[in-house]
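*Asks:* Sequence and predicted structure below; questions after.
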Amino acid sequence: MPAQDACPVSHTVAILNGPNLNLLGQREPDIYGHETLADVETSCREAGAELGLTITFDQSNSEGELVTWIQAARGKAQAIIINAGAYTHTSVAILDALNAFEGPVMEVHISNVHQREDFRHHSFISGRADGVIVGCGTQGYLLALQRVATLLG
Ligand code: DQA
């Protein structure tokens, strides 16, 4: 990580994961790879430390819990990185919660949703997101962290 990307002031980034991402590594590995969500969390914490970012990392299968966590990030986290899983394609509630969050939002998808079924081509989150990373595997989380570091300056 180039030194100039590191944040001079410590910022907190909430990394939120939606339904079925707890099964990463076991679930459709041909699409999502063999890394577990715990592996992704470890990599994010390492990258966050290098960038001077404090990371919170959570996963829920519940839409309401994700909404609650986005609301809780207000005033506590300076940025959100979200892989909302299937709720990406269905949830106005998550969009509304993100619209109430003041800081940068990065949307991540491990797979290239645009190469998949038509219903995965629409995201309720993309219109709110400051950036969208798809199809870069779990590296997408690290790319999002780099972008957040740049946006938070
Ligand atoms: C996903 C893509 C979604 O369409 C899917 O429902 C997921 C994972 C991804 O990371 O590629 O659960 O968000």
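*Replies:* Sure, I can see it. Numbering: from 1, shown residues only.
*Asks:* Is any residue of stretch 39-48 near the ligand?
*Replies:* No: in terms of CB under 6 Å from any ligand atom, no part of stretch 39-48 sits within range of the ligand; the closest distance is 10.5 Å. To be clear about C-beta, it is placed using only N, CA and C from the backbone, and glycine gets the same treatment.
*Asks:* tell me the contacts of residue 32?
*Replies:* 24-25, 110-111 (CB atoms under 8 Å, 6 or more residues apart in numbering).
*Asks:* what subset of those is also close to the ligand?
*Replies:* Applying CB under 6 Å from any ligand atom to these, those adjacent to the ligand are 110-111.
*Asks:* Just send the contacts of residue 32 back as a markdown table, with secondary structure and distance to residue 144 too.
*Replies:* Converted to a markdown table, the contacts of residue 32 look like this (DSSP: H, G, I helix; E, B strand; the rest coil; distance: CB to CB, whole Å):
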| residue | secondary structure | distance to residue 144 |
| --- | --- | --- |
| 24 | coil | 16 |
| 25 | coil | 20 |
| 110 | coil | 11 |
| 111 | coil | 15 |
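*Asks:* Farthest pair within the contacts of residue 32?
*Replies:* 25 and 111 (14.2 Å; CB to CB).
*Asks:* Any chance of JSON lines for the contacts of residue 32, columns distance to residue 132?
*Replies:* As requested, these are arranged in JSON lines below (distance: CB to CB, whole Å):
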{"residue": "24", "distance to residue 132": "19"}
{"residue": "25", "distance to residue 132": "24"}
{"residue": "110", "distance to residue 132": "13"}
{"residue": "111", "distance to residue 132": "13"}
